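In: how would this look folded up:
(one chain, ligands or ions: 1)
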Amino acid sequence: MEEKFSSLYLHIPFCLKKCNYCAFYSIPYDTEKVELFVSSIIKEMELTQIIPHHINTIYIGGGTPSSLSVNYLEKIFENLFKFYKMDKNLEFTVEINPGAIKKEQIELFKSYGVNRISIGAQSFLDKELKFLNRIHNSKDIKATVNNLLSLGIENISIDLLYGIPKQTLENFRFSLQKVTLLEIKHISLYELSLDKKTPLARKIKEGQLVLPSERTVEKMYLYASEFLDKKGFHKYEISNFAKQDYECKHNIVYWQRKPYLGLGPSAHSFIGGIRFSNYEELFSYAKNLRSNKLAWINREKIEGFEKLKEIIILGLRMKDGIKISNPCLIEFLKDFMSLNLVNITDDNTVSLTDKGMLLSNEIFARVLLHIENCLVCKEELVDHLWNEK
Ligand code: SF4
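Out: Below is the predicted model of the structure:
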C-alpha cells in the first residue's frame with residue numbers, strides 16, 4: 001500500500017449501559033474483555049505501523065472511550081505514540097459521555113496532547129435523556145463542560161439529537177438554547193435514524209411510539225440552521241456547525257475521501273482507494289490479531305461509478321460543495337437551483353442550500369440516476385474525469 005494515511009480512528013467498544021436507539025458496536029464493560037481488547041488493539045498498532053503514514057488527526061470514539069480506566073487508556077495512548085509518527089500540530093479528539101468521565105481521565109488526555117473533546121449530550125431535557133436510556137442528566141453536561149474548561153481544554157464539541165419520539169419543536173428549541181449558552185466551539189446535530197434491530201425501532205414498528213412528523217423534523221433542522229448561525233456557529237457540513245476555525249479536521253478527511261486507518265472492532269479504513277472493515281465482534285477481531293493477521297473482514301476497491309457516487313455524496317455534504325465541469329450535469333442541476341435546493345457559482349461550484357441539505361438524499365438519488373442514464377455524463381464523468389482525480 002503506497003498511499004500515506006494521515007488520520008487515525010480508534011474504536012473503544014465498551015459502554016456502561018446501552019442506549020435504546022444505538023446500533024454502534026458496543027458491549028457491556030467487562031474486565032476480561034477489556035484486557036483482550038487492549039492487548040489486541042496494541043497488536044493491531046504494531047502490525048499497521050508499517051503502512052506509510054504521517055498522522056495529523058486522531059479520533060478516539062466508541063462505544064464510550066471514557067468507560068476505560070486511566071491505566072487502560074494510558075496503555076493505548078502510550079502505544080499510539082510508540083508506533084505512529086505524529087505531526088506536531090495534531091488534532092486529537094476523544095469522545096466522552098457526561099456522567100462517565102473523571103478528572104484523572106481528563107488530566108491523562110491533556111498529558112497526551114488531546115486537544116478536542118466531543119461530548120455525547122444528545123438533549124438538555126431530562127425526560128428525553130431518560131427516554132433514550134442515557135446515563136446522564138442535563139446538569140452533568142454543564143458540569144462536564146466546566147470541568148474540561150477548568151482543566152484547559154477549550155475545543156469542545158457537543159452532539160445533539162433531533163427527531164426523537166414525542167419531541168416537539170419547543171423541546172428541541174430548549175436544547176438548542178441551552179447548548180449555545182455553554183462555552184463550546186462545535187455542535188453536531190444528528191437526526192435520530194433508527195436501525196431496525198434497536199429497541200426503539202421495534203417499539204415504533206409495533207405502534208407503541210411515533211416519531212415526530214416529517215414536517216416537524218424539517219422545521220427543527222431549518223430552525224437550528226438559522227439559530228446556530230445567529231449564535232456564531234456556521235454550518236460547514238449537513239450535520240456540523242462550528243465557530244470560525246473550529247471545524248473538525250478529522251471528519252473533513254472522511255468527506256474529502258482522504259486516507260485514514262481505523263483500529264478496533266468494527267472500525268473502517270480507507271487507504272489506496274480501498275475501503276476495509278474490521279471484524280465487528282470482539283472475539284473474531286482478537287482471534288485474527290492473535291495469529292498476527294489484520295482483522296479485516298471486507299475490502300472493496302472503490303472505482304468507476306462507485307467512486308463518482310462517493311465524490312458527489314460526500315462532497316455535497318460539505319457547505320463548500322464540489323466543482324463540476326460537466327456542462328450536461330450543470331444543466332440538470334439548474335432545475336434544483338430554481339427550486340432553491342442548490343447553489344451554482346460562476347465557476348460551476350455546486351453546493352446545497354439549507355433546504356437542499358434537508359432533502360439531500362433525494363437530490364443525491366436523482367443526480368446519480370441522471371448520470372447513470374445519460375450517456376454523455378456517464379462517459380465523461382465516470383470514465384474520464386473522476387477516475388483521474
Ligand atoms: S453511549 Fe453511545 S455508543 Fe454507547 S450505547 Fe449509547 S449511543 Fe451507543
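
In: need the strands for the stretch 101-250 of the chain, in chain order.
Out: Applying DSSP state E, counting those that start in this stretch to the stretch 101-250 of the chain gives strands spanning 116-122, 156-162, 186-191, 234-237, 240-242.

In: show me which residues of this structure sit near the ligand.
Out: 15, 18, 19, 22, 24, 26, 62, 63, 64, 97, 120 (C-beta under 6 Å from any ligand atom). (C-beta placed from N, C-alpha, C; glycine too.)

In: which one of these is nearest residue 143?
Out: Ranked by distance to residue 143 (C-beta to C-beta), those are led by residue 97 at 12.5 Å.

In: tell me the pLDDT of the closest one.
Out: pLDDT, residue 97: 95.

In: separation between it and residue 242?
Out: Note on residue 97: its distance to residue 242, by C-beta to C-beta, to the nearest Å, is 21 Å.

In: of those two, which one has the most company?
Out: residue 97 (27 against 22; other C-beta atoms under 10 Å).

In: quick one: the more buried one and residue 117 touch, right?
Out: No. Using C-beta atoms under 8 Å, residue 97 makes no contact with residue 117, being 10.9 Å away.

In: pull out the buried residues from whatever helix or strand residue 362 lives in.
Out: If you go by DSSP states H and E, residue 362 is part of helix 360-373. In terms of neighbour count (16 or more other C-beta atoms under 10 Å), helix 360-373 has its buried residues at 363, 364, 367, 371.

In: same check on stretch 37-57?
Out: With burial defined by 16+ other C-beta under 10 Å, the residues of stretch 37-57 counted as buried are 37-38, 40-45, 47-48, 51, 53, 55-57.

In: in the stretch 251-389 of the chain, which spans are helices?
Out: 282-290, 304-317, 327-338, 354-358, 360-373, 375-377, 386-388 (DSSP state H, counting those that start in this stretch).

In: ok, and what's touching the fifth one?
Out: The reference is to helix 360-373. Applying C-beta atoms under 8 Å, 6 or more residues apart in numbering, the contact partners of helix 360-373 are 238, 305, 308-309, 312-313, 316-317, 329, 332-333, 336, 341-342, 352, 356, 377-378, 381-382.

In: what about the closest residue to residue 294 other than its chain neighbours, helix or strand, and which?
Out: Sequence neighbours aside, residue 47 is the residue nearest to residue 294 in space, at 5.8 Å (criterion: C-beta to C-beta, 6 or more residues apart in numbering). Secondary structure from DSSP H and E places residue 47 in helix 31-48.

In: mind listing what residue 162 touches?
Out: 172, 189, 190, 191, 192, 217, 220, 221, 224.

In: my read: the second one touches residue 222, true?
Out: No. Counting by C-beta under 8 Å, residue 189 sits too far from residue 222 to count as a contact (11.7 Å).

In: which of those two has more residues huddled nearby?
Out: residue 189 (24 against 14).

In: how much space separates that one from residue 122?
Out: Counting by C-beta to C-beta - residue 189 and residue 122 are separated by 11 Å.

In: go on, residue 3?
Out: Residue 3 is 36 Å from residue 122, by C-beta to C-beta.

In: more neighbours: these two, which one.
Out: residue 122 (25 against 15).

In: what bridges to that one?
Out: residue 160 (DSSP bridges).

In: good, we can wrap up now.
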